[in-house]
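# Any chance you can model this:
(one chain, ligands or ions: 3)
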Amino acid sequence: MKAGVFITGTDTDVGKTWATLAWMRRLRADGYTVAGMKPVAAGCERRNGRFYNRDALLIQAACSSPADYAAINPYAFEAAMSPHLACGDISVDPERIAALAAALHATADWLVVEGAGGWYSPLDAALDNAGLARRLGLPVVVVVGMRLGCINHARLTVAAVERTGLRCAGWLAVRLSEAMPGFEGNLAYLQTHLSAPLLGVLPYRLEPDFTELGQHLCPPNWQMFDLRQNF
Ligand SMILES: Nc1ncnc2c1ncn2[C@@H]1O[C@H](COP(=O)(O)OP(=O)(O)OP(=O)(O)O)[C@@H](O)[C@H]1O
Ligand SMILES: C[C@H](N)[C@H](N)CCCCCC(=O)O
Ligand SMILES: [Mg+2]
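Ligands and ions are numbered 1, 2, ... in the order given. Take a look at the predicted model:
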């Protein structure tokens, strides 16, 4: 199987990384080999003259096989702001990312890619997440951070993914608080107003065991992400 997924979200800080790590752990629990990628990251710390991002380090640790950090996160910008500002005069090259993604994908059954921010968040002055996802050509999963306002953001994001010409394979609800007022009503509304299927509800876990968190994913079948299918 050669499968892949591009994980976007309704915003920054909505649980994309929690969902990415849960997804990778679940795939490994289900017997697949997995490589992960955070192509562009803003908000990095400098160590020995290089920049490292928390998300990318967690994704690197979740891969089935060791992978160079620079392959997982080729664009690591120090400033914790929109990448089009944090990048300075660096241009993000989608062809370089696609080549690195292909090399990572050659090492595993699955490639899981986490975007930066939301669907239309810029990655530099010219490219945004939508453009990168289109170049990678992976099925897209939308992470919906369950908080007031998520219905509008989720519907806008799924519509935008589909307008990009990519398949929105599903969405994940991520609990960002112990008890969101009207949680069930919001979940039910989204289930009837999003064209993509709900693939799981990730519970509220401040110190998550990502293998446990991965058990809350309920994909209809992993085959729907097999890139050899015509979808
Ligand atoms: N299921 C959860 N339960 C409890 N807290 C959560 C959960 N998911 C996310 N969080 C909290 O929200 C914060 C942001 O989550 P996460 O880093 O996954 O967001 P993100 O969408 O990946 O952000 P970015 O756009 O910066 O990549 C986490 O640091 C954590 O504190
Ligand atoms: C720094 C932050 N944690 C994210 N990595 C980047 C969020 C970019 C959001 C850009 C925007 O859509 O306004
Ligand atoms: Mg993240």
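# residues near Asp128, how many?
Asp128 has 22 neighbours, counted by other CB atoms under 10 Å. Any C-beta I mention is one placed from the backbone N, CA and C, and that applies to glycine too.
# where along the chain do the helices fall?
Assigned by DSSP state H, the helices in the chain fall at 16-29, 54-62, 69-72, 83-86, 94-105, 129-136, 150-163, 183-193, 210-214.
# what sits against the residue in the chain positioned nearest to ligand 3?
The chain approaches ligand 3 most closely through Thr17 (3.3 Å), counting by CB to the ion. Counting by CB atoms under 8 Å, 6 or more residues apart in numbering, Thr17 touches 54-55, 58-59, 114.
# Also Gly4?
105, 110-113, 136, 138-139, 225, 227.
# mind running it again at 6 Å?
111, 138, 227 (CB atoms under 6 Å, 6 or more residues apart in numbering).
# Get me the contact residues on this protein for ligand 2.
Residues of the chain lying near ligand 2 by CB under 6 Å from any ligand atom: 12, 42-43, 80, 82, 116-118, 121.
# okay if I get the residues you listed as TSV plus pLDDT and neighbour count?
Formatted as TSV, the residues of the chain next to ligand 2 follow (pLDDT from 0 to 100; neighbours: other CB atoms under 10 Å):
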residue	pLDDT	neighbour count
Thr12	98	16
Ala42	98	24
Gly43	98	18
Ala80	98	12
Ser82	98	17
Ala116	98	28
Gly117	98	21
Gly118	98	22
Ser121	98	20
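# was I right about Val158 contacting Arg167?
No: using CB atoms under 6 Å as the test, Val158 is too far from Arg167 to be in contact (10.9 Å).
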